[in-house]
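with the input below, show me the fold.
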Amino acid sequence: MTLRSDLASRLNDALPQTQCTRCGFPDCLAYAHAMAAGEADCNQCPPGGAEGVARLSALTGRPALALNPANGAEGPRGMAVIDEDWCIGCTLCIAVCPTDAIMGSNKRMHTVIEAYCTGCELCLPVCPVDCIQMENASGERTGWAAWSAEAASIARNRYQFRSYKQRRDAGEAAKRLEKKAEMKLADLPAHSHHTDPEILDRKRLTIEAALARARARNMAGQAQADSPQPTGLRETPSD
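Prediction:
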């Protein structure tokens, strides 16, 4: 492990793992790597608050700046609550929840698993009927005082497992499409409205080129897709 990656790992450990993206990065780990590379300041995490800034600054040796208002303000930890009378079961909130804290299915009522909600607020803008509200879950406590190392660990594990499932499912879908294309290519005349050999040859070249690009993408992502399942998590959620 390089010094930079080691620092990124320690910075990630010092983040609350809400995965809220308010820092300007897609997740906490990406923000940690940006800080380790000197590409982001240590004052961009509202959920961590002033204490979080102090933790990150101590690890990097940089001055502890005030929380950047462009990223948001420190406040109590929020908890998403769904008004089940208004929920239409669109599943949009489920798709964006970074910790799989929302239960439900298409056209069925959804509900939030309180123990797993990080208060990231990512579900709010996608709800088409505004049936999700944020409630104060920590009273007057803000930043790290409203959170805990245990809660951060649970959130990180659930986010990692969700990311693993997404990579796995994407890889499996790509393989199914590749097999379908190979099947059509093996007997192109039977899968085409055209009978002109010249047109079929052009289609064959197009499909072969598309397959080559797909295989290159699959090979590039194979290491991630086949990476071991994160430890401490199960294929079937316990909730």
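
where does residue 163 fall, helix, sheet strand or coil?
For residue 163, the assignment made with DSSP: H, G, I helix; E, B strand; the rest coil gives helix.

can you give the domain ranges for the protein?
Annotated domains of the chain cover 3-71, 78-143, 164-225 [automatic domain parsing].

where along this protein do the strands fall?
Here the chain has its strands, by DSSP state E, at 78-82, 102-103, 111-112, 132-136.

please name whichever of these is nearest to residue 206.
When those are compared for distance to residue 206 using C-beta to C-beta, the nearest one is strand 102-103, at 41.2 Å. Every C-beta, even on glycine, is put in place using the N, C-alpha and C of the backbone.

now the closest one: how far from the chain's centre is it?
Relative to its parent chain, strand 102-103 has a centroid offset of 15 Å by C-alpha atoms, centre = their mean, to the nearest Å.

show me what that strand is packed against.
strand 111-112 (3 or more C-beta pairs under 8 Å, 6 or more residues apart in numbering; DSSP states H and E).

who does the strand it packs on pair up with?
Within its sheet, strand 111-112 is paired with strand 102-103 (antiparallel), according to DSSP bridges.

what is the burial count for residue 126?
Neighbourhood size, residue 126 [other C-beta atoms under 10 Å]: 15.

just the pLDDT at it, thanks.
Among the per-residue scores, residue 126 holds a pLDDT of 95.

give me phi/psi at it?
phi -90, psi -10 (degrees, to the nearest 10).
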